[in-house]
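>>> I would like the atomic coordinates for the input below:
(one chain, ligands or ions: 1)
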Amino acid sequence: MSRILSKTATTIKPSSIREMFNLASGMDNVINLGLGEPDFTTPPNVIKAAEIALQKGLTHYTLNAGNLTVREAVSQKLLSKNGITTNPETEVIITNGAMGGLYLALQVLLNFGDEVILPVPSWTNYSAQIQMANGVPVPLITQRKDGFIPDPECLKKRITQRTKAILINTPGNPTGGVYTKEILEKIAEIAIEYDLMVISDEVYEYFIWEGYEHISIASFPGMAERTVTINSLSKTYAMTGWRVGYATAPANITAAMIMLQENVYACVNSIAQEAAIEALSGTSEYLDAMIKEYATRRDYMIHALSELPGLNVFKPLGTFYMVADISETGYSPDDFAVKLLKNTGVCVIPGTAFGGGGENFIRIAYTNTMPNLENAINRMSLFIKS
Ligand code: PLP
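Numbers count the residues shown, from 1 in each chain. The predicted structure is shown next:
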């Protein structure tokens, strides 16, 4: 019966990333370069903290905003790493991953028909989440020549009476593009001039290469009051399954997000919150080692993929992804990805999954071991030559 499912349920489409995984799940000997999650296990000190929390019986609901101890740890980190000063009692919320923070932020900011300017190619869930909040995603195609970051003049042209916010992601999935200070300053100027909110997803902030620096737009003068900064422990500490994220925003927005969280999931898992304190405040030795390993893999992949005929790699400045233009092979990205998977067992994601601007490329995640990456390159090489 067509009346059973809501408009939201029927509007939101599964991403083609899911389709690739469904295809791969029926196959043996797959090397997955599609998955956007660390292959590492969570650092042992964090696991230990969770064990201790369990033994202490910290098994109850927590405050909807998250325990104050976790919010204090987040507040410290926001100051030291991001240069954002926050009041942990009123301006920080612990969320169910970055996705939870993004969901709450969009729900409390958007009215029906409000537009959100979304630089693309982008992570697939943004567009779906904007629509779930009854908003309208307004794609802004970014160019390879600009490092896949928006041109401020083009950004201005997308602004209408209905524009409520700009959603940025730096370092960015899928391209690995990094917003420079100059670009962020221009975006900040535009946001102030047109009275827009900025939603800034910074989940890949630690994975940044070639001496680039991660900069948080909320640290600029006049921006903390119009920015929701979204982050999580998922990628940084290899904690995707724990579902801990956090957001900081002006107190009235944070309060609204907390109230919504109360009504949707009450709070983040109490054990995971304790583990989060250790992740944020404990030793950085495991994070440092993971960063080092990603850097090694990145260098290897840039070099190895560049040797393959028909592939033109964009050198990523951040994240653990890279994109390669495959137009010279004569395949569309979807055909390339499906044929590569079926013929060789190497799973990559077609650029068409990322909401525009990815029509010529595939995304490769180097969230796999060096031997697997080498094996994948061998298989890709045979595939392309054949
Ligand atoms: N933001 C971006 C840009 C991502 O790529 C992802 C996951 O791939 C997320 C957020 C989701 O993060 P979390 O697992 O913390 O919800």
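
>>> give the burial count for A255, as a bare number.
16 (other Cβ atoms under 10 Å). From N, CA and C alone the C-beta is placed, and that goes for glycine too.

>>> state the pLDDT value of the closest residue to it other than its chain neighbours.
Closest residue to A255 apart from its sequence neighbours, by Cβ to Cβ, 6 or more residues apart in numbering: T90 at 7.2 Å. What the model reports as pLDDT for T90 is 98.

>>> so T90 touches A256, yeah?
No - proximity of T90 to A256 does not meet the contact threshold set by Cβ atoms under 8 Å, at 11.9 Å.

>>> which residues does the closest residue to the ligand within the stretch 51-200 of the chain contact?
Residue nearest to the ligand within the stretch 51-200 of the chain: G97 (2.6 Å; Cβ to the nearest ligand atom). By Cβ atoms under 8 Å, 6 or more residues apart in numbering, G97 lies in contact with S232, S234, T240, R243, V244, G245.

>>> on that earlier part again, mind listing what the residue nearest to A255 touches?
Neighbours of T90 in contact, by Cβ under 8 Å, 6+ apart: A251, T254, A255.

>>> skipping adjacent residues, who's closest to the first one in space?
In space, A251 comes closest to T90 once its chain neighbours are excluded; the distance is 4.2 Å by Cβ to Cβ, 6+ apart.

>>> ok, back up a step: return only those of the contacts of G97 found close to the ligand.
Restricting the contacts of G97 to those within reach of the ligand (Cβ under 6 Å from any ligand atom) leaves S232, S234, T240, G245.

>>> hmm, which two among the residues you listed are most spread apart?
For the ones next to the ligand among the contacts of G97, the maximum inter-member distance is 10.6 Å, found between T240 and G245 (Cβ to Cβ).

>>> within range of the ligand, give me the residues from the stretch 1-150 of the chain.
Near the ligand, when you scan the stretch 1-150 of the chain using Cβ under 6 Å from any ligand atom, you find G36, G97, A98, M99, W123.

>>> output the longest helix belonging to this protein.
Looking across the chain with DSSP state H, the single longest helix is helix 285-307.

>>> list the buried residues in it.
By neighbour count with 16 or more other Cβ atoms under 10 Å, helix 285-307 contains the buried residues Y286, L287, M290, I291, E293, Y294, R297, R298, M301, I302, A304, L305.

>>> counting contacts, what elements does it pack onto?
strand 312-314, strand 321-325, helix 370-385 (3 or more Cβ pairs under 8 Å, 6 or more residues apart in numbering; DSSP states H and E).

>>> okay if I get the ones you listed as JSON lines plus mean neighbour count?
Supplementary listing: the helices and strands packed on helix 285-307 in JSON lines, determined by neighbours: other Cβ atoms under 10 Å:
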{"stretch": "strand 312-314", "mean neighbour count": "17"}
{"stretch": "strand 321-325", "mean neighbour count": "24"}
{"stretch": "helix 370-385", "mean neighbour count": "16"}
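
>>> where do the strands sit along the stretch 201-350 of the chain?
Taking DSSP state E, counting those that start in this stretch, the strands of the stretch 201-350 of the chain run over residues 227-232, 245-248, 312-314, 321-325, 346-347, 349-350.

>>> what angle do the helix or strand containing T69 and strand 227-232 make?
Element membership for T69 (DSSP states H and E) is helix 68-82. Taking axes from the mean of the first three to the mean of the last three Cα atoms, to 10 degrees, one finds that helix 68-82 is oriented at 110 degrees with respect to strand 227-232.

>>> one step back: excluding chain neighbours, what is closest to the residue of the stretch 51-200 of the chain closest to the ligand?
The nearest residue in space to G97 (Cβ to Cβ, 6+ apart) is G245, at 4.3 Å.

>>> which residues does the one you found contact?
Residues in contact with G245 (Cβ under 8 Å, 6+ apart) are 94-101, 203, 230-234, 268.

>>> quick one: contacts of the helix holding T69?
So helix 68-82 is in contact with 65, 84-89, 91-94, 202, 205, 214, 216, 218-219, 229, 246, 248, 273-274, 276-277, 280-281, going by Cβ under 8 Å, 6+ apart.

>>> next, the buried residues of the next helix or strand after it.
Sequence-wise, the next helix or strand downstream of helix 68-82 (DSSP H and E) is strand 92-95. For strand 92-95, the neighbour count (16+ other Cβ under 10 Å) marks V92, I93, I94, T95 as buried.

>>> just to revisit the earlier point, what's across from the residue nearest to G97 in the sheet?
T95, S232 (DSSP bridges).

>>> mind checking pLDDT for it?
pLDDT, G245: 98.

>>> ditto for N252
pLDDT for N252: 98.

>>> now do the same contact list for it.
Counting by Cβ under 8 Å, 6+ apart, N252 has no contacts.
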